[in-house]
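[1] Provided below are the primary sequence and the corresponding predicted coordinates.
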Amino acid sequence: MKFTLIENLGYRSLVVVEHLGRIAQFALRITACLLVPPYRFRRLVGDVYDAGVLSLPVVCLSGAVVGGTLSLLGYTTLVRFGAEEALGALVGLAVIRELGPVLTALLVTGRAGSAFAAEIATMVTTEQLDGLRMMSVDPVDFVVSPKALALLIAMPLLAGLFAVFALMGGYGIAVGLLGVDGGSFMASMEGSVKFWNDVIGSFSKAITFGALTGLIATYRGYISEPTAAGVSAATTGTVVIGSVTILVFDFFLNGFWGV
Amino acid sequence: MSEPREPEFRIAFDGVSLKRGDRVIFDGLSCGFPRGRVSVVLGGSGAGKSTLIRMIGGLQRPDSGVVRVADEDITRYSERELFKVRDRIGMLFQGGALLDSMTVAENVALPLREHTRLSEKDIEAEVDRRLVAVGLSDAGQLYPRELSGGMSRRAALARAIVMDPEILLVDEPFSGLDPINVRRIEALLVDLNRHLDLTLIVTSHHMASSIRMADRLVFMVDGIAIAGPPDELLKNSDERIVEFLVAESDSFAEHHELDVTPLMDRRTLPDRRKKS
Ligand SMILES: Nc1ncnc2c1ncn2[C@@H]1O[C@H](COP(=O)(O)OP(=O)(O)OP(=O)(O)O)[C@@H](O)[C@H]1O
Ligand SMILES: [Mg+2]
């Protein structure tokens, strides 16, 4: 069979639209499973623990390094305008409003999201999900929904942790290396970061990203082909689709949020 | 294949067809499995035995035709409706399908935890009973990755019978088992069938135990099924059955000279190896 370019494009857009519809349906199913008993607290706690433990080291380390980098970069820029006392404001706003939630979401997608997708895909391959179905247990209820909710819960916590480490890294570099006055660094940060707008906004962003990552990772694992190649496709697919989706949503969220 | 008197079928296939890609797997397959009896499904590798079992469980829908389980046409059932039917079915998957994040005991306990209000103590007792029955009394705390193939299949069998189902589907229970465990599982299945009036469907390559157990044999050949009581079928003149039986039986080698000369003729290969 031969397709023209246009036909191919049309077919591909149809596939994308179909997947979007299925993801929306899947999201509704997960929500229903989470709202209707039985509530699977033990599985949820286990999955939050997994997601957290998997991502903790990478999130903390990246946070510290990103904060330090921001200080270096911000200082070289600000010092040209003689405005280095504004470094605290710059680091604080950049970390809390933007880099905390976005970078955490990318890291968690790459670490915990891909791991969850691979785990679910493996369960498809080894007929574990069919095994559950034959025991009249809905795999979306038993396996998928705790994992999706776990990512939603873990994301804001990890984003908060990222922000804390980034601010510490930024402070350390500014005060320890660049000789900025610690008191004025903190004062400038406190003066510019607003709790209701910036901190709560950042928190909502992280929750949105957590929901997206949870949905994409579990969906991609759930629909995977029952082969080894299917498992690896689910993993890479989660990382690629998840990361791009997070960046696109971040753009629009920033647009609606206002500066 | 007409039978003298129609037994009461617990499960029936009627004109079921299925294609996977370009491959025809079932081509108008019709057969029945009588209530409270042991039916053994025989057929070569790839004949569609596992697919047949999965269809009874509603995991695979036919392209056309009707699958009846306990007098219900499940072909168009939703997942929710299928759950009602599956409450009466226990199933052993060919690969076991144990949840690998849980121990054997937790796997076996799962249906009890999900569908009963038994206390933890009662659950433990029920689980132990089943594990003893399949000869795994001291494997309860192991994880599936720590089990051999035969052990995980027996653990999965314990899980399949823990809810005392009316219908038990077992896919290849004997493969990979030593003779003692073949006997043990065979005795267990026959016992369950006798005492609980269980409708049992077993797929197997293991001819001896199949014929010992079976009230009814179902041969899968060329996308259809030929079914009947064993003595009748074994006398049957259908050459596809005879061919299968002869091939499976031990006396096969005496009657047929297997032509393996094409494999033996390898002298030319060394010359054709890539030189490094
Ligand atoms: N996902 C699939 N896609 C395409 N064909 C499939 C798929 N699964 C199974 N088949 C085909 O269906 C046929 C029946 O497979 P099935 O697993 O039911 O055989 P079986 O009789 O159980 O074999 P075995 O004795 O080896 O377990 C095979 O010919 C196989 O090629
Ligand atoms: Mg099979």
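    Nice, thanks for sending it over. It should be emphasised that the depicted structure is a prediction, and the values quoted were computed from it without experimental measurement. Numbering: from 1, shown residues only, chains lettered A, B, ... in the order given. Ligands and ions are numbered 1, 2, ... in the order given.
[2] stretch B:21-39 and ligand 1, any residue contact?
    Yes. Stretch B:21-39 reaches ligand 1 (CB under 6 Å from any ligand atom) through B:21, B:23, B:25. Backbone N, C-alpha and C define where each C-beta goes, glycine included.
[3] mind checking which of those residues land in strands?
    Per DSSP state E, strands hold the following members of those: B:23, B:25.
[4] so among the residues of stretch B:21-39 next to ligand 1, where is pLDDT lowest?
    Scanning the residues of stretch B:21-39 next to ligand 1 for pLDDT, the low point is residue B:21. It has 86.
[5] can you get me a residue count around it?
    6 (other CB atoms under 10 Å in any protein chain shown).
[6] likewise residue A:5?
    Residue A:5: 7 surrounding residues under other CB under 10 Å.
[7] list the contacts of it.
    Residues near residue A:5 by CB atoms under 8 Å, 6 or more residues apart in numbering or on different chains: none.
[8] separation between it and residue A:11?
    When distance is defined by CB to CB, to the nearest Å, residue A:5 is 11 Å away from residue A:11.
[9] residue A:9 sits in which helix or strand?
    Taking DSSP states H and E as the criterion, residue A:9 maps to helix A:5-35.
[10] what mean pLDDT does that helix get?
    Helix A:5-35 shows a mean pLDDT of 90 in the predicted model.
[11] buried residues in that helix?
    Neighbour-count burial for helix A:5-35, counted by 16 or more other CB atoms under 10 Å in any protein chain shown, picks out A:23, A:26-27, A:30, A:33-34.
[12] list the contacts for the residue in the stretch 1-150 of chain B that ligand 2 sits nearest to?
    Closest residue of the stretch 1-150 of chain B to ligand 2, CB to the ion: residue B:50 (3.1 Å). Taking CB under 8 Å, 6+ apart as the criterion, residue B:50 is in contact with B:94, B:171, B:203.
[13] name the element it belongs to?
    Using DSSP H and E, residue B:50 maps to helix B:49-56.
[14] what about the following helix or strand past that helix, distance to the chain center?
    The first helix or strand that comes after helix B:49-56 along the chain, using DSSP H and E, is strand B:64-69. Offset of strand B:64-69 from its chain centre (CA atoms, centre = their mean, to the nearest Å): 19 Å.
[15] give the partner strands of strand B:64-69 in its sheet and their orientations.
    Partners of strand B:64-69 in the sheet, by DSSP bridges, are strand B:9-20 (antiparallel), strand B:72-73 (antiparallel).
[16] list the buried residues in the longest one.
    Same thing as strand B:9-20. Buried residues in strand B:9-20, counted by 16+ other CB under 10 Å: B:9-14, B:16, B:18.
[17] from those residues, pick the one nearest chain A.
    residue B:11 (14.7 Å; CB to the nearest CB).
[18] quick one, what contacts that closest one?
    By CB under 8 Å, 6+ apart, the neighbours of residue B:11 are B:32-33, B:56, B:67-70, B:167, B:199, B:201.
[19] 10 Å instead?
    By CB atoms under 10 Å, 6 or more residues apart in numbering or on different chains, residue B:11 lies in contact with B:31-35, B:39, B:52, B:55-56, B:67-71, B:74, B:89, B:167, B:169, B:199, B:201.
[20] picking up where we left off before, just give me the closest of the residues of stretch B:21-39 next to ligand 1 to residue B:239.
    residue B:25 (22.2 Å; CB to CB).
[21] how many residues are close by the closest one?
    A total of 21 residues lie near residue B:25 under the criterion other CB under 10 Å.
[22] state the distance from it to chain A.
    Using CB to the nearest CB, to the nearest Å, residue B:25 is found at 16 Å from chain A.
[23] number of nearby residues for residue B:179?
    9.
[24] same thing with residue A:252?
    So residue A:252, with other CB under 10 Å, has 9 neighbours.
[25] ditto for the one 4 residues further on
    As a burial measure, the neighbour count of residue A:256 was computed by other CB under 10 Å and equals 6.
[26] so where does it fall, helix or strand?
    Assigned by DSSP H and E, residue A:256 falls within helix A:228-257.
[27] what do you get for residue B:85?
    helix B:79-86.
[28] just say helix, strand or coil for residue B:202.
    Taking DSSP: H, G, I helix; E, B strand; the rest coil as the rule, one finds residue B:202 in the strand state.
[29] equivalent analysis for residue B:91, please.
    Assigned by three-state DSSP, the conformation of residue B:91 is strand.
[30] surely it meets residue B:160?
    Yes. Judged on CB atoms under 10 Å, residue B:91 makes contact with residue B:160 at a distance of 5.6 Å.
[31] overlap in contacts, those two.
    Common neighbours of residue B:91 and residue B:160 are listed as A:131, A:134-135, B:97, B:168-170 (criterion: CB under 10 Å, 6+ apart).
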